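Q: just the structure for this:
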Amino acid sequence: MQKAIQLEFKKVKGWGGKRKGAGRKNRSKTVSHGAREAVDFKKPLHITKRLKPGLRGLRCKPLKLEFEKSLKKAKQKGVHFIHYSLEDNHLHLFVEAADKKALSSGMNSLGTRFAKAVRKKIGGSGSVFEGRYHLKVLKSPRQVKNALAYVLLNHSKHQKLIPYSDDFSSAAHFHEWRRLLGNEMGPILKNQRECRLALPDHLSEARSWLARAGWKKAF
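A: This is a model prediction of the structure:
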């Protein structure tokens with residue numbers, strides 16, 4: 001009878017490094033408390049901030065006015081709010097900031113002031129926003145173009161409707177729909193009058209090349 005041969009595993013040093021997908025999954029849908037990416041004026045930012053589960057009601061005129069007042073106050077901390085959209089239970093921001101410190105200071109100001117207005121409307125007590133805000137640093141023309149479309153047309157996207165200018169967003173102050181959407185612009189935006197409104201105090205002109213002109217080179 002042939003003698004059985006015992007197989008051995010090849011020895012390796014250490015643990016072999018971190019494997020993609022390894023570790024405990026984040027099932028809470030909250031934003032990680034790990035270190036954020038570097039922030040500077042060269043790269044625009046897409047920020048998402050959510051209400052706590054069960055809370056909603058951001059899309060009303062009184063809260064829109066309070067939100068815009070909060071943006072104006074937060075601008076003093078060094079954050080440039082270029083575009084925004086308010087959804088029922090979350091908000092999107094397209095912004096620029098000099099560095100992490102300015103961004104943190106501005107977002108804390110916005111969160112504190114606006115949270116008070118939200119709590120006053122919906123009643124109850126305690127915080128209204130869910131943990132940290134989600135931050136995406138936009139590094140390419142394509143990323144910036146996609147983020148602009150996502151923020152400005154977020155409500156029509158949720159409703160699965162053709163693109164239109166949402167009153168609870170800064171879409172009225174955007175005038176390059178044809179460049180942004182091309183043939184997907186749709187009849188509503190195509191027929192929208194392109195009269196340039198004066199930029200309100202709570203919004204800022206884009207400074208970075210990516211946000212001013214770079215996104216137009218995406219294809």
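
Q: for the residue nearest to the spatial centre of the chain, list each beta-bridge partner.
A: Nearest to the geometric centre of the chain sits I47, at 2.6 Å (Cα atoms, centre = their mean). Beta bridges link I47 to L93, L135, judged by DSSP bridges.

Q: could you do the one 4 residues further on as well?
A: Going by DSSP bridges, L51 is paired in beta bridges with F129.

Q: was I right about it contacting V118?
A: Yes. With contact defined as Cβ atoms under 8 Å, L51 counts as touching V118 (7.4 Å). In short, each C-beta sits where N, CA and C put it, glycine included.

Q: for the two, list the residues in contact with both.
A: Shared contacts of L51 and V118, defined by Cβ atoms under 8 Å, 6 or more residues apart in numbering, comprise 58, 128.

Q: give me the contacts around the helix or strand that contains K116.
A: Assigned by DSSP states H and E, K116 belongs to helix 100-122. Applying Cβ under 8 Å, 6+ apart, the external contacts of helix 100-122 come out as 36, 38-39, 45, 47, 49, 51, 55, 57-58, 60, 62-63, 66-67, 69-71, 73-79, 95, 97, 125-129, 133, 135.

Q: PyMOL command to pick out the buried ones of those?
A: With 16 or more other Cβ atoms under 10 Å as the burial test, the buried ones among these are selected in PyMOL as follows:
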select buried, resi 39+45+47+49+51+55+58+63+66+67+70+71+73+74+75+77+78+79+95+97+128+129+133+135
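
Q: helices - which of the contacts of helix 100-122 land there?
A: 62-63, 66-67, 69-71, 73-75 (DSSP state H).

Q: looking at those residues, which is nearest S208?
A: Proximity of those to S208 (Cβ to Cβ) peaks at K75, which lies at 16.3 Å.

Q: distance of the closest one from K139?
A: K75 is 24 Å from K139, where distance means Cβ to Cβ, to the nearest Å.

Q: tell me how many other residues crowd the nearest residue to K52 once chain neighbours are set aside.
A: Computed as Cβ to Cβ, 6 or more residues apart in numbering, the closest residue to K52 that is not its neighbour in sequence is E130, at 4.8 Å. Neighbour count for E130, taken as other Cβ atoms under 10 Å: 18.

Q: please apply the same query to the one 4 residues further on.
A: Taking other Cβ under 10 Å as the neighbour definition, H134 ends up with a count of 15.

Q: quick one on the thing from earlier: which residues touch the residue nearest to K52?
A: Residues counted as contacts of E130 (Cβ under 8 Å, 6+ apart) are 30, 50-53.

Q: F114 versus the residue nearest to P200 when sequence neighbours are not counted, what's the distance?
A: Closest residue to P200 apart from its sequence neighbours, by Cβ to Cβ, 6+ apart: E68 at 7.1 Å. Between E68 and F114 the computed distance is 10 Å (Cβ to Cβ).

Q: now swap in N89 and tell me
A: Here N89 is placed at a distance of 14 Å from F114 (Cβ to Cβ).

Q: comparing these two, which shows the higher neighbour count?
A: Just comparing N89 and F114: by other Cβ under 10 Å the higher neighbour count belongs to F114, 24 against 16.

Q: go ahead and confirm L210 touches K42.
A: Yes. Using Cβ under 8 Å, L210 is in contact with K42, at 7.3 Å.

Q: that'll do, ta.
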